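Colleague: Dropping the sequence and predicted coords here.
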Amino acid sequence: MTMKTDRKEKAIQYFSEELHCSQSVLAAFADECGITEEMAFRLGSCFGSGMRKGNVCGACTGALMVLGLLFGEVQAGNPEERQRSNQINDMMMDRFKQKNGTCICNELLGCDITTPEGVQYARENRLFKDFCPKMVASAVEILEEIMEDMNGI
C-alpha cells in the first residue's frame with residue numbers, strides 16, 4: 001500500500017468515525033504538517049459542512065489548511081510568498097471544482113444543509129455516509145497532486 005493510499009484511507013476512516021470532513025483531511029496529513037492529530041481535530045472542527053453554512057466544502061477547506069501549513073506565506077510583506085499562497089489556493093479550488101463540478105457544499109449535496117429539511121434530505125439519502133466520503137477522497141487526491149507539483153518546483 002502506498003503512502004497516498006494510506007492518507008486517503010486514513011481520512012476516510014476519520015470521517016467514518018463522525019469527524020468533520022475538514023478535520024478528516026487535515027488530520028490525515030498532521031504528521032507531515034508538523035502538528036498533532038489533536039491540533040488537526042481542533043483546527044478543522046469549525047469548517048465542516050461548508051463552515052456549517054453550506055459554503056466551501058470542508059474537505060476542500062481541510063486540504064487548503066494542509067497546503068497553508070506546508071507552503072503558506074510566513075513573512076509579512078513578501079510578495080513571492082503571497083503569490084505562491086494565492087497560486088496554491090487557486091490550484092486547490094480550481095481542481096476540486098473541475099473534478100467535482102463545484103466546491104460549494106450545498107451544491108455538491110443538492111440540498112441546503114442549513115435547514116432542518118435539507119439535513120433530513122441529506123440523511124434520508126445517505127449523503128453524509130455515501131457521498132461525503134467521496135469528497136474527502138477527492139480532496140486528498142487533489143492535495144497529493146498539488147504537493148507533488150510543489151515539491152517538484
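Modeller: It's in. Numbering: from 1, shown residues only.
Colleague: could you pull out the helices for the protein?
Modeller: Counting by DSSP state H, the chain has helices at residues 3-16, 21-28, 30-33, 37-44, 48-49, 58-71, 79-100, 105-109, 116-124, 132-151.
Colleague: Could you identify which of the ones you listed is most buried?
Modeller: Neighbour counts (mean count of other CB atoms under 10 Å) averaged over each of the helices of the chain peak at helix 21-28, with a mean of 31. Where C-beta positions appear, they are placed from N, C-alpha and C, glycine not excepted.
Colleague: so how far is that one off the chain centroid?
Modeller: Here the centre of helix 21-28 is set off from its chain's centre by 7 Å, with CA atoms, centre = their mean, to the nearest Å.
Colleague: before we move on, what about stretch 107-116?
Modeller: With CA atoms, centre = their mean, you get 18 Å for stretch 107-116.
Colleague: how far does that stretch stretch from start to finish?
Modeller: One end of stretch 107-116 sits 16 Å from the other (CA to CA, to the nearest Å).
Colleague: And for stretch 35-50?
Modeller: End-to-end span of stretch 35-50 (CA to CA): 23 Å.
Colleague: quick one: that stretch to chain centroid distance?
Modeller: Distance of stretch 35-50 from its chain centroid, counting by CA atoms, centre = their mean, is 10 Å.
Colleague: ok, residues contacting that stretch?
Modeller: Stretch 35-50 has contacts (CB atoms under 8 Å, 6 or more residues apart in numbering) with 19-27, 29-30, 33, 52, 56-58, 61-62, 65, 69, 104-106, 113.
Colleague: coming back round to it: any chance of the helices of the chain in CSV, plus mean pLDDT?
Modeller: Formatted as CSV, the helices of the chain follow (pLDDT from 0 to 100):
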stretch, mean pLDDT
helix 3-16, 88
helix 21-28, 98
helix 30-33, 96
helix 37-44, 97
helix 48-49, 94
helix 58-71, 97
helix 79-100, 96
helix 105-109, 98
helix 116-124, 97
helix 132-151, 95
